[in-house]
Every structure is written in C-alpha cells, then in structure tokens.
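In: Dropping a prediction and its sequence here:
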Amino acid sequence: MTTLLLASASPARLSTLRSAGIEPVVRVSGVDEDAVLAAAAEQAGAALPPADAVLALARAKAHAVLPTLEHVPHDDHGTELPDDLVVLGCDSLLELDGEALGKPADPADAIARWRRMRGRSGVLHTGHWLVDERDGATGEVGATASTVVHFADLSDAEIEAYVATGEPLAVAGAFTIDGIGGPFVTGLEGDHHTVVGLSLPLLRDLLGRLDVTVPSLWAGSPGATAGATTAAGRTGFVLRTPRLVIRSMTAEHARTLAAYRSEPEVARYQSWDAPFTLAQARAFVAEVAGRDPVSPGRWVQLAVEADGEHVGDLAVRVDPDGEQARVGVTFAGAAQGRGYATEALDALVDHLFSAGLHRVVADCDARNTASARLLERVGMRREAEHRSAAFWKGEWTDEYVYAVLRDEWRHDT
Ligand SMILES: CC(C)(COP(=O)(O)OP(=O)(O)OC[C@H]1O[C@@H](n2cnc3c(N)ncnc32)[C@H](O)[C@@H]1OP(=O)(O)O)[C@@H](O)C(=O)NCCC(=O)NCCS
C-alpha cells in the first residue's frame, strides 16, 4: 500500500496526478529557493545549469515537508496521515538562451519575457524528487525531464492581453500549455506533462526505482482502498440509497465497466462501440474519475454498486457556471429491470439540487424507450424532440431532451 504526498501547491500538478487516477495527499512547506541555489552553487563551484537547478529545488521541497510529517501527522481534515507515504517534490524553470526563467517578477517582466520568447524555442525543465517514507524505507531518487517548447510569434497586442489575464505571472516560464497560454505554444519535443509541471512517465520510472508501481497508487486500487486512511477512502464521494452505494469511479471499476459496456444492447444508443476493451476502460476511468459530482466543467463518472457488486454508472457534468448539469445512466444488462437505475438517478438528481443547482438535463435517443421511461419515472419532462438531429453510428437519429428544474423537483431539497 502506497500513498503519494505531493509537496507542491501547484493546481496543475495536482490535476495532472488526478487525471492519471492518483489522488495524492498535498502538503507544502516553504523553501528559500535563492538560498538553496546559492548553497548548491557554492558546493558545485558555479551556478547550477537549469536542469540541475530544478532538481536541487525539487529535492529541497520534498525534504522541507519531511519534518512536518512527524509534527503534524494529520491532513487538513484531521485524518491521520498514512504511514506508507512516498513524498514527491517538483520544480520547473524555462531555459531560454541558457538563462533559467522562473515566474516573472511583475507584468513588465512578463511582457519583456514574451517579447524575447515569441517565435522562438525554449526548454522547460521539471525536476522531480521522491523520498520513500514508507515504514522501514530510506530511499530517495530524482531526475529532471526536459521538453523543448516552440512559441508562436505573438503580436504586441496579444502579449499585452495575455499578461493582463494574470496567468503568466503565476507560472514558471510565464506561460501555460493547458490554460489560457495554450494557443501560444505551436509545438513540443518531449513529454507534454513536463511542461504542465510533472512528467508522468518520469514519475513512473522513478517510482519503479523505489519498487512502487503506478497501478498501486491509483485511487481505489486494491492496495489503495484497504484501510480508511488512504486518499481515496478519505475524500471519495459516496451516496447511499436503500439498495445502492454510488461512489466515485476508480481504477477498480475498469474491469466491470469494460464488461457491461461490451454488451451490444448496453452500447446500442451510447457513444462507444462494443466491445469496449479493458485498456479503453482504464483510460476512460483515468480521465473521468472524480471525487464529487459537482465538479463544474468536467464529466464525472460515478460507479453504482448493489450488494458490493459494480452494476452500472452515472455520468454527470455540471456546467462551468455551476448552475446546470447533464446526466447519463448505464446499467449492466443483468442489473436492469430492478429499479436500480431509477433509485440511483433519483438520488443523484436529488444531490445535485441539494447542492444548489438550478436545472438538470438528459439527452435520450428517441428509440431508447427504456431510457425515456427511466427519465420520466424520476420526474423529468420531455421538453424537446430534435428530428434527425444526431448522426449516430452511421445514421441520422431523433433525440429527446429531458429536463427538470429545481423548483419542480418533488423532493424537499
Ligand atoms: C436506460 C437504463 C439505465 C434503464 O434501466 P432500467 O433497468 O430499465 O431502469 P430501472 O433500473 O429503473 O428499472 C425499471 C424497470 O424495472 C422494473 N422494476 C422492477 N423492480 C423495480 C423496483 N423495485 N423499482 C422500480 N422499478 C422496478 C420496472 O417496472 C421497470 O420496468 P419497465 O421499464 O419494463 O417498466 C438501461 O436500459 C441501460 O443501461 N441502457 C443502456 C445504456 C443507455 O442507453 N442509457 C441511456 C442513456 S442516458
């Protein structure tokens, strides 16, 4: 059993790990970066090249949290930290003309940087340092990943507009690839996660050197769920109904998901084709796994379990403004016809309205009578019929739109 502790406050690093199915504990401790680099330069007899500087800083960040594990042995929710931690420190810098560039000092600095960077290429270095804090372990390993970044030839107006968003001021190298800065990067040579701030393939390699596999870190993997103190156990979303447990889908659901998505009748009106392979299921789960169905702007997949068996799922995407949600339901053929889908969807819609949402919507292929019956059973109105509006699996199909407003919801939310 292993839990990753991320010694970084960067939301991009956290979200990179989460997208890969890893739910880390986050703990950040201040590091005097100038002092670390000065000490390293003194030891080396010269300023460290950027690739070595990020490694020294990653190491310093990982080491800075170690003493706190003993003094504050619980997380922000008061839950005791597990004793199976591997600590990860990361640091990133952009190298341009041999110079190491961290976060810009102010907007003027960001503008000057972008005038140098536009139409040219730099190297984004991300240092990674792992310290094995599992019981009895003592190892530590580190390495730097470097990716060449080609920048678009921005106009002065684009540079000013970009700097005015504030984003370049918050990030190493004054750009992001996964945010507002995305259109300003024309190409990469190397792993794109390095540019986001955490190279997943390098992390895998480093973990391997500590005898830790990536699957053992997946939230909900057999190793990760055994015990109430794991990241997934602490923070995962759970909703209970009389017969069902509805919870964040994790890697442990991939096999059953692949099985029921491979049933031709289950796939018939859905976006995937049968068979749906285990590899597809794993990739899908890694992409959509989420902790809470109210995660604006992203699809979250919730597994539905009956008597401990994974029998179906609910999909939900809350709009970025947090006011409306789109939902979908899928159950294994053997679990249909028992009212499970009604029970699960009812509970989800109820939860969404309790969380303050205004409207919940579901799309339904007009031929999918089981789905239409289900949506009507939970109290959704058919409010639109789009004729021949979706080109679906080789043919034009009619589509219904069902919706329910919070004011209409029969429950006391
Ligand atoms: C859409 C789908 C989830 C509906 O599943 P379902 O099993 O028909 O729905 P429920 O679980 O609510 O079960 C309702 C049926 O079980 C019966 N039932 C048996 N016991 C019941 C109980 N305790 N409570 C309620 N219904 C019960 C109902 O009479 C109803 O049967 P009917 O539709 O023939 O009248 C299912 O067909 C499916 O997964 N399809 C493939 C995926 C898909 O197309 N999804 C729709 C896209 S959003």
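Out: Great, that's in hand.

In: May I have stretch 102-111 as CSV, with CA atoms only?
Out: Output in CSV follows, covering the C-alpha atoms of stretch 102-111 (Å, rounded to 0.1, in the frame of the first residue of the first chain):
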residue,chain,number,x,y,z
GLY,A,102,11.0,31.1,-13.2
LYS,A,103,7.9,33.1,-12.5
PRO,A,104,8.1,36.7,-13.8
ALA,A,105,8.6,39.3,-11.2
ASP,A,106,5.8,41.6,-12.4
PRO,A,107,3.7,42.4,-15.6
ALA,A,108,6.5,44.4,-17.1
ASP,A,109,8.9,41.5,-16.7
ALA,A,110,6.3,39.1,-18.2
ILE,A,111,5.9,41.4,-21.3
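
In: how about the residues of the chain near the ligand?
Out: Within the chain, the positions lying close to the ligand (CB under 6 Å from any ligand atom) are 266, 269-270, 328-331, 336-342, 362, 368, 370-371, 373-374. (C-beta placed from N, C-alpha, C; glycine too.)

In: List only buried entries from those.
Out: Applying 16 or more other CB atoms under 10 Å to the residues of the chain next to the ligand, the neighbour count classes 266, 269-270, 328-331, 336, 340-341, 362, 368, 371, 374 as buried.

In: Next up, phi/psi of the residue of the stretch 301-413 of the chain found nearest the ligand, please.
Out: Per CB to the nearest ligand atom, Gly339 is where the stretch 301-413 of the chain lies closest to the ligand, at 2.1 Å. Dihedral angles of Gly339 (phi, psi; degrees, to the nearest 10) stand at phi 80, psi 10.

In: and Gly328, what helix or strand is that in?
Out: Under the criterion DSSP states H and E, the helix or strand holding Gly328 is strand 324-331.

In: Over to Glu305?
Out: With DSSP H and E as the criterion, Glu305 is inside strand 299-306.

In: Next, the residues that contact the strand holding Gly328 from outside, please.
Out: The contact list for strand 324-331 (CB atoms under 8 Å, 6 or more residues apart in numbering) reads 260-261, 266, 270, 293-294, 304, 311-319, 340-341, 344-345, 348-349, 352, 357-363, 371, 374.

In: now it against strand 299-306, angle please.
Out: Orientation check (axes from the mean of the first three to the mean of the last three CA atoms, to 10 degrees): strand 324-331 against strand 299-306 gives 40 degrees.

In: tally of neighbours for the residue of the stretch 101-250 of the chain found nearest the ligand?
Out: Among the residues of the stretch 101-250 of the chain, Arg243 lies nearest to the ligand; the distance is 8.2 Å by CB to the nearest ligand atom. Residues near Arg243, counting by other CB atoms under 10 Å, number 14.

In: Contacts only, for it.
Out: Taking CB under 8 Å, 6+ apart as the definition of contact, the neighbours of Arg243 are Ala306, Tyr340, Glu343.

In: can you rerun that using 10 Å?
Out: When the contact criterion is CB atoms under 10 Å, 6 or more residues apart in numbering, the partners of Arg243 are Val304, Glu305, Ala306, Asp307, Arg338, Gly339, Tyr340, Glu343, Ala344.

In: among the buried ones among the residues of the chain next to the ligand, which two are most distant?
Out: The span of these, defined through CB to CB, is set by Tyr269 and Tyr340 at 18.3 Å.

In: Thanks a lot, catch you later.
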